[in-house]
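1. One predicted model, sequence on top.
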Amino acid sequence: MRTAAATAVATKYLAPDNAKVLAIFGAGGQARSHFQTMNKIHKYEEILVWNHTTENGEKFCKEISKTFKNVRFCSNAKEAASNADVIVLVVSSQTPVLKGEWLKEGVHVNSVGACRPTWREMDDECMNQCELYVDSREGALKESGDIIMCQPKKLINGEIGEVIDGRCKVDRNKKTIFKSLGIAAEDLAAGHLVWKNLGSEI
Ligand SMILES: NC(=O)C1=CN([C@@H]2O[C@H](COP(=O)(O)OP(=O)(O)OC[C@H]3O[C@@H](n4cnc5c(N)ncnc54)[C@H](OP(=O)(O)O)[C@@H]3O)[C@@H](O)[C@H]2O)C=CC1
Ligand SMILES: O=C(O)C1=NCCCC1
């Protein structure tokens, strides 16, 4: 849940205000926790789901349709991506599942998978079309295959903490990526919340 909460915070600061369509790529544990947190940031009118196996994608859609009616499985990744204002990539892929040629103007992409230096989930065109924000510069330059392998070399616009505290200005009309790898501050914040809510139980 702390990973999905971090994505939701990044989306609050980077996505267009009037985001109406959310695309989720993937149908595993992270897809489920992201479905819960992303709905707290925008009132989406439609959710599009793409997964590399149709069976698991349709199962995930059926599950979330109990609480969100307008959800649709797309067997074609381009269809999901090209209609979305916000995209969440939560796949265990080693090669790109998202192409830059599919992206809408102003789209915000949350890249949560591809957490190893040799793994990709976005192609070079996607990387090069977007302004790039990360949770940690140090982590991103060591762990993100999408950043390490991108040609030409991709510059990082800022850390999300710098956006939140005002040191880094964002143009929400531009296409943006938040590259998430997970940082200790997220674990500390999650642990603190658990501790606070345990109250007199401990
Ligand atoms: N940034 C961060 O802080 C964190 C990142 N992660 C990363 O997020 C990703 C998803 O995690 P999680 O949901 O827990 O994992 P799950 O195993 O629960 O789900 C993985 C998803 O990826 C799909 N998938 C598997 N192989 C491929 C492939 N080759 N191409 C495209 N899709 C594929 C699976 O489809 P199917 O089941 O149908 O095969 C499934 O939808 C992982 O890469 C994980 O490392 C996880 C936690 C924190
Ligand atoms: O922060 C985490 O937790 C993880 N980050 C990337 C790989 C999976 C777990």
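-> Arrived safely. Ligands and ions are numbered 1, 2, ... in the order given.
2. who's in contact with the one helix or strand in the chain whose mean pLDDT sits lowest?
-> Using mean pLDDT, DSSP states H and E, the weakest-scoring helix or strand in the chain turns out to be helix 184-198, at a mean of 94. Helix 184-198 is contacted by residues 1-3, 5-6, 135, 161 when judged by Cβ atoms under 8 Å, 6 or more residues apart in numbering. Any C-beta I mention is one placed from the backbone N, CA and C, and that applies to glycine too.
3. repeat that for 7 Å
-> If you take Cβ atoms under 7 Å, 6 or more residues apart in numbering as the criterion, helix 184-198 is touched by 2, 6.
4. Stretch 92-106 too?
-> In contact with stretch 92-106 (Cβ under 7 Å, 6+ apart) are residues 16, 25, 77-78, 81-82, 84-85, 87, 89, 91, 109, 113-114, 119-123, 125-126, 128-129, 172-173, 175.
5. 6 Å instead?
-> Applying Cβ atoms under 6 Å, 6 or more residues apart in numbering, the contact partners of stretch 92-106 are 16, 25, 77-78, 81-82, 91, 119-123, 125-126, 129, 173, 175.
6. Which residues of this protein lie near ligand 1?
-> 3, 26-31, 51-53, 56, 90-93, 97, 112-113, 115, 180-182 (Cβ under 6 Å from any ligand atom).
7. If you go by neighbour count, which of those are buried?
-> 3, 26-27, 30-31, 51, 56, 90-91, 93, 97, 112-113, 115, 180-182 (16 or more other Cβ atoms under 10 Å).
8. Which members of those are positioned in helices?
-> 3, 30-31, 56 (DSSP state H).
9. need the contact list for the nearest residue to T53 once chain neighbours are set aside.
-> The shortest distance from T53 to any non-neighbouring residue, by Cβ to Cβ, 6 or more residues apart in numbering, is to A27 (7.9 Å). By Cβ under 6 Å, 6+ apart, A27 lies in contact with 51, 56-57, 60.
10. which among the residues you listed gets closest to D146?
-> N51 (19.7 Å; Cβ to Cβ).
11. Distance check, the closest one against W195.
-> N51 sits at a distance of 36 Å from W195 (criterion: Cβ to Cβ, to the nearest Å).
12. cool, K78 as well?
-> 45 Å.
13. neighbour-wise, which of those two wins?
-> Remark: of K78 and W195, K78 carries more neighbours, 13 against 10, as counted by other Cβ atoms under 10 Å.
14. what is the mean pLDDT for the helix or strand hosting that one?
-> Here K78, judged by DSSP states H and E, is contained in helix 77-82. The average pLDDT for helix 77-82 rounds to 98.
15. what does stretch 2-20 give?
-> Mean predicted lDDT for stretch 2-20 stands at 97.
16. Just the buried positions in that stretch, please.
-> Buried, per 16+ other Cβ under 10 Å, within stretch 2-20: 2-11, 13-16, 19.
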